[in-house]
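Engineer: coordinates for the following, if possible.
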Amino acid sequence: MSGLKVIKWILALAFAALLTIGTSAIILHGILKVDMDNLTGLSFWSTYLLFLPLVFTLFVILSCKFVSFRKRNAALLVILLSIVFIAIGIYHHSDDGYLANKYIIRYTGFIFGLTFGYVLSNKIFKNTNWI
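Structural biologist: Numbers count the residues shown, from 1 in each chain. Sure thing, here's the model as predicted:
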């Protein structure tokens with residue numbers, strides 16, 4: 001594997017992150033100006049259990065789509081990096097070992113989205129450079 005292929009592979013993952021996570025942040029915080037701490041019941045559940053898991057599902061799928069080889073490794077790397085950032089978020093938001101329910105729901109939605117993205121990516125890309 002040449003250095004140029006590795007750089008293209010990493011740039012593909014960065015582009016997938018920019019498209020999904022960056023765009024969702026712009027939509028939620030820039031366009032809609034959603035106050036994540038003061039959501040109504042419907043907006044809370046639609047944001048944390050529909051929109052954000054969909055974003056992380058698309059993050060995994062687009063990462064696999066944009067890389068040209070070893071798509072499974074791309075999916076696993078995206079999941080690993082996301083779990084690291086989730087762990088940092090849990091550490092940052094936990095107060096004396098206690099994590100508020102809104103953060104548990106938020107991070108559970110992220111994990112669900114990552115898992116669903118991996119399963120869908122496996123089905124979509126199984127015959128095209130998955131391993």
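
Engineer: need the pLDDT of the most centrally placed residue in the chain.
Structural biologist: Taking C-alpha atoms, centre = their mean, the centroid of the chain lies closest to Phe56, which sits 2.9 Å from it. Residue-level confidence at Phe56 comes out at 96, pLDDT.

Engineer: that one: what's it in contact with?
Structural biologist: Contacts here follow C-beta atoms under 8 Å, 6 or more residues apart in numbering; on that basis Phe56 touches Thr20, Ile21, Ser82, Gly109, Phe110, Gly113, Leu114, Gly117. (C-beta placed from N, C-alpha, C; glycine too.)

Engineer: tell me, how many residues neighbour the first one?
Structural biologist: By the criterion of other C-beta atoms under 10 Å, Thr20 has 23 neighbours.

Engineer: pretty sure it contacts Leu58?
Structural biologist: Yes: between Thr20 and Leu58 there is a contact at 4.8 Å, judged by C-beta atoms under 8 Å.

Engineer: who touches both of these two?
Structural biologist: If you check Thr20 and Leu58 against C-beta under 8 Å, 6+ apart, no residue is contacted by both.

Engineer: shaky segments in this structure?
Structural biologist: Along the chain, the parts satisfying pLDDT under 70 run over 1.

Engineer: assign Leu13 to helix, strand or coil.
Structural biologist: Of the three states, Leu13 takes helix according to DSSP: H, G, I helix; E, B strand; the rest coil.

Engineer: so it versus Asn122, what's the distance?
Structural biologist: Using C-beta to C-beta, to the nearest Å, one gets 17 Å for the distance from Leu13 to Asn122.

Engineer: same check, this time on His29
Structural biologist: According to C-beta to C-beta, His29 stands 32 Å off from Asn122.

Engineer: quick one: which of the two has more around it?
Structural biologist: Taking neighbours as other C-beta under 10 Å, His29 and Asn122 compare with Asn122 leading, 15 against 12.
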